[in-house]
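K.L.:
Just a sequence and a predicted model for now, questions to come.
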Amino acid sequence: MKKIISDIHNGIQNSRKTIEFLQKNSKWTWIGDYPVSVVNEVTRVTDEVTEEINFFDENGFSKHSYTKDDIKLLKKNAPSTIKTAYLLCLKKQRSGDFNFLEKFPHDRWKKVTDEEDNFEALVEFSKFTTDDDSKTIETALRDIMRSSKEIPSLKRIGFVWIVTLPKTINIVDILEHYFSDNHIFVEAGRKVTYIAWGDMLANINMRYFVNTP
């Protein structure tokens, strides 16, 4: 994880387009807006799904496998049917389709699988303003981690949280609570960007809060 964090740190310091920087200057493969879940049943969809998407079978269930073009169609025409991660770090270039699997027949979501054992780290990004307080920030972080832990292929890999906020907001207590000493920062003008990480998402303890609910 240290080398991954070093690459992310360099990307934030040296480019306004961190993902593009990583894609050009890191040994890992980095894919932004990576699909991690798709809706399982037609009854769960809030968008009007067109025939062009060919999303559901005759029994009202979504497919288990999607091409890159399929994913683009879902994002464009039925955004409520898909969830994506800010950035996924892979050991090597991905091959084949995106594959998803539900745990139980009537689950709301099918979740992305990693048959090639190619996933290395999940990266999520948050941005806050002076209108946000410590409780709001902690809640956002916990929501990100909780939803990601529900996906088996993500909970067993590294987790990185990139968060940008005004210098006037202090979140060191939150970072130390969930990530111990695993956090660094980059200052730019009136803003600061923190990079916090855990070697395995599943091992980040969410039992206790900094801000009591």
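P.N.:
Arrived safely.

K.L.:
Leaving out the residues flanking it, which one is nearest to residue 112?
P.N.:
What sits nearest to residue 112 in space, not counting adjacent residues and going by C-beta to C-beta, 6 or more residues apart in numbering, is residue 36, at 4.7 Å. For the C-beta atoms, the positions are set from N, CA and C on the backbone; glycine is no exception.

K.L.:
Same question for residue 136.
P.N.:
Closest residue to residue 136 apart from its sequence neighbours, by C-beta to C-beta, 6+ apart: residue 128 at 7.4 Å.

K.L.:
Next, give phi and psi for the one you found.
P.N.:
Backbone geometry at residue 128, expressed as degrees, to the nearest 10, gives phi -130, psi 160.

K.L.:
Low-confidence bits of this protein, can you list those?
P.N.:
The chain contains residues with pLDDT under 70 at 49-53.

K.L.:
can you map out the strands along it?
P.N.:
Listed in chain order, the strands of the chain (DSSP state E) span 29-39, 65-66, 82-90, 98-101, 109-112, 119-127, 158-166, 183-188, 191-198.

K.L.:
what lines up beside the fifth one in the sheet?
P.N.:
In the sheet, strand 109-112 lines up against strand 29-39 (antiparallel), strand 98-101 (antiparallel) (DSSP bridges).

K.L.:
pull the CA atoms of that strand into CSV?
P.N.:
Taking C-alpha atoms only, strand 109-112 is exported to CSV below (Å, rounded to 0.1, in the frame of the first residue of the first chain):
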residue,chain,number,x,y,z
TRP,A,109,-27.9,-5.4,-6.1
LYS,A,110,-25.6,-7.7,-8.0
LYS,A,111,-22.0,-7.0,-6.8
VAL,A,112,-18.9,-6.9,-8.9
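
K.L.:
How about residues contacting it?
P.N.:
Here strand 109-112 makes contact (C-beta atoms under 8 Å, 6 or more residues apart in numbering) with 34-40, 62, 64, 83, 98-103, 150-154.

K.L.:
Check the longest one too.
P.N.:
Counting contacts by C-beta under 8 Å, 6+ apart, the residues outside strand 29-39 that touch it are 19, 22-23, 45, 62, 66, 71, 74-75, 80-94, 98, 100, 108-112, 148, 151, 154.

K.L.:
neighbours around residue 213, how many?
P.N.:
Residue 213 has 7 neighbours, counted by other C-beta atoms under 10 Å.
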